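I would like to see how this sequence folds:
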Amino acid sequence: FSEEKYIKDNPDKFSEENIENLRKEPSLDDISKFIESIYHCVQISEESCIIALIYINRLIALTGIYLLPTTWRPLVFVSILVSQKVWDDVPVQNSDYSSIFPFFEDDEVNKLEMKFLELIQYTVYVKLSSFMTYYLNLRDITFEESFKPLTKYEMEKIEFEKKWKKFKKWEKIKKKTYRS
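Numbering: from 1, shown residues only. Got it, this is the predicted structure:
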């Protein structure tokens, strides 16, 4: 997941200033801008961003891999990609993601996704209680009024939508299976 490999493999694509910037510890602003750029390019939901954070913490807990100056972008990138595929109604294709993050070509995005899934042991399900814990903690630390408390109805709606999406995916799989 390190950008160092791409710097080493493609030295002519990086100026000394770019390399220095890639290797420096990111500021909160750097991280926010990176996530916002993905958020706006692929139109992911806010819920997907929260789930991506849960996946990153899951990765750290399972592997001991930490976010470092040259690993945080690929890890955030792939966690958003996976969360968006699991949560959102209309997932963006991996090829669309490769245009957002130029380090990775289509096949590399596919490999990154598979490696990430392997490392989190394909555990993509997120319990509502975990989601709510992250949501509330994020709301508390942002100090922004844009985070409004979820009502009980909204929490139940989130859980229902997750179950409905799984049901619809299962229906598609069944249709394909019976047609074959």
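
pLDDT at I60, what is it?
Reading off the confidence values, I60 has pLDDT 91.

from V92, how far out is it?
From I60 over to V92 the distance is 25 Å, taken as Cβ to Cβ, to the nearest Å. All C-beta spots, glycine's among them, are computed from the backbone N, C-alpha and C.

if you count surrounding residues, which of those two has more?
Taking neighbours as other Cβ atoms under 10 Å, I60 and V92 compare with V92 leading, 18 against 14.

contacting residues for the more buried one?
For V92, the set of contacting residues under the criterion of Cβ atoms under 8 Å, 6 or more residues apart in numbering consists of 42-44, 81, 84.

of those residues, select the buried ones using a PyMOL command.
Here is the PyMOL selection string for the buried members of these, based on 16 or more other Cβ atoms under 10 Å:
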select buried, resi 42+44+81+84
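
for P11, state which of the contacts of V92 is nearest.
Proximity to P11 was ranked across the contacts of V92 by Cβ to Cβ; first place goes to L81, at 26.8 Å.

can I get the CA coordinates of whichever strand or helix holds that closest one in CSV?
Per DSSP states H and E, L81 falls inside helix 72-87. The C-alpha trace of helix 72-87 is given here as CSV (Å, rounded to 0.1, in the frame of the first residue of the first chain):
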residue,chain,number,x,y,z
TRP,A,72,-2.3,6.8,4.2
ARG,A,73,-3.6,7.9,0.8
PRO,A,74,-3.7,4.3,-0.7
LEU,A,75,-5.4,3.0,2.4
VAL,A,76,-8.0,5.7,2.6
PHE,A,77,-8.5,5.5,-1.1
VAL,A,78,-9.2,1.7,-1.1
SER,A,79,-11.3,1.8,2.1
ILE,A,80,-13.6,4.4,0.5
LEU,A,81,-13.7,2.2,-2.7
VAL,A,82,-14.8,-0.9,-0.7
SER,A,83,-17.2,1.0,1.6
GLN,A,84,-18.8,2.6,-1.4
LYS,A,85,-19.3,-0.7,-3.1
VAL,A,86,-20.8,-2.3,0.0
TRP,A,87,-23.0,0.7,1.1
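
helices of this protein, residue ranges please.
Using DSSP state H, the helices of the chain run over residues 4-9, 16-23, 28-42, 46-63, 72-87, 94-100, 106-119, 128-142, 152-179.

need the helix or strand of the protein with the lowest average pLDDT.
Considering only helices and strands, the least confidently modelled element of the chain by mean pLDDT, DSSP states H and E is helix 152-179, at a mean of 63.

on that earlier part again, could you single out the nearest of the contacts of V92 to F14?
Proximity of those to F14 (Cβ to Cβ) peaks at L81, which lies at 23.4 Å.

re the thing from before, let me know which of the helices of the chain is tucked in deepest.
Mean neighbour count (mean count of other Cβ atoms under 10 Å) peaks for helix 72-87 among the helices of the chain, with a mean of 23.
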